[in-house]
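Asker: no sequence for this one, just the structure:
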């Protein structure tokens, strides 16, 4: 089956930039998503990018997509303690597909 | 009230009990989903409903029984569960199943089986 891989942990200092990386195997991915999960909560959609784009910026968030290498990254500028959470990368394949394939999540810890 | 709401937030039950999880969405969506989130495993899709019709059952044991009476409500009926069923159960909704519209999640029900 298709696979989405993420590193499990990332620690950064408050005020620095965080970069969370994701790789996927499905070459027919159409949309790729970043979700955030805070302790005791569900998944919050942060941003998503269509596969024909290579960059999307939304305030402090920048998503970069390298479709050739099947590599997706999420950059959080000026990381704050409130950004501490688990970040999930997910992809959806082909037209008309409804199944999201999730990575295992990257736990971001922000050090004050 | 907006978004996707799940009740209860926490549930502890014995293996012989019967209980139900409830999900309600106020987003005007037509597709609803149940996911299971276990420690150290990726999210597992369990069931999908599109316009109240079940369109996917990902080999889920029959001790989990979904019900979707209308596009806004989704239930997961539980009976004779096993300890390995302890997990966070997440509900999600999207505009429709056969589209790439993003899924919006509730906060989940944390289920513990004694």
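Answerer: Looks like it came in fine. Small disclaimer: the values here were computed from a predicted structure and weren't measured.
Asker: from here on, just use CA atoms for contacts and neighbour counts.
Answerer: Noted.
Asker: secondary structure element for residue B:90?
Answerer: Under the criterion DSSP states H and E, the helix or strand holding residue B:90 is strand B:87-94.
Asker: which outside residues touch that strand?
Answerer: A:42, B:4, B:6, B:23, B:25, B:29-39, B:101-112 (CA atoms under 8 Å, 6 or more residues apart in numbering or on different chains).
Asker: that strand pairs with which strands, parallel or anti?
Answerer: As defined by DSSP bridges, the strand partners of strand B:87-94 come to strand B:31-37 (antiparallel), strand B:104-105 (antiparallel), strand B:109-113 (antiparallel).
Asker: next one: the first one to chain centre, how far?
Answerer: On the basis of CA atoms, centre = their mean, to the nearest Å, the separation between the geometric centre of strand B:31-37 and that of its chain is 4 Å.
Asker: residues contacting it, please?
Answerer: Outside strand B:31-37, the residues touching it (CA under 8 Å, 6+ apart) are B:43-52, B:71, B:74, B:87-97.
Asker: model confidence over the helix or strand following it, on average?
Answerer: As assigned by DSSP H and E, the chain's next helix or strand after strand B:31-37 is strand B:44-50. The average pLDDT for strand B:44-50 rounds to 91.
Asker: same deal with stretch B:20-30?
Answerer: 95.
Asker: also stretch B:83-96?
Answerer: In this model, stretch B:83-96 has a mean pLDDT of 92.
Asker: quick one: distance of it to the chain centre.
Answerer: For stretch B:83-96, the distance to the chain centre is 4 Å (CA atoms, centre = their mean).
Asker: show me which residues of that stretch are buried.
Answerer: By neighbour count on 16 or more other CA atoms under 10 Å in any protein chain shown, the buried set for stretch B:83-96 is B:85-96.
Asker: got it, and stretch A:10-30?
Answerer: For stretch A:10-30, a neighbour-count test (16+ other CA under 10 Å) marks A:12, A:14, A:17-24, A:26, A:29-30 as buried.
Asker: kindly identify which of the residues you listed also come near chain B.
Answerer: residue A:30 (CA under 8 Å from any CA of the partner chain).
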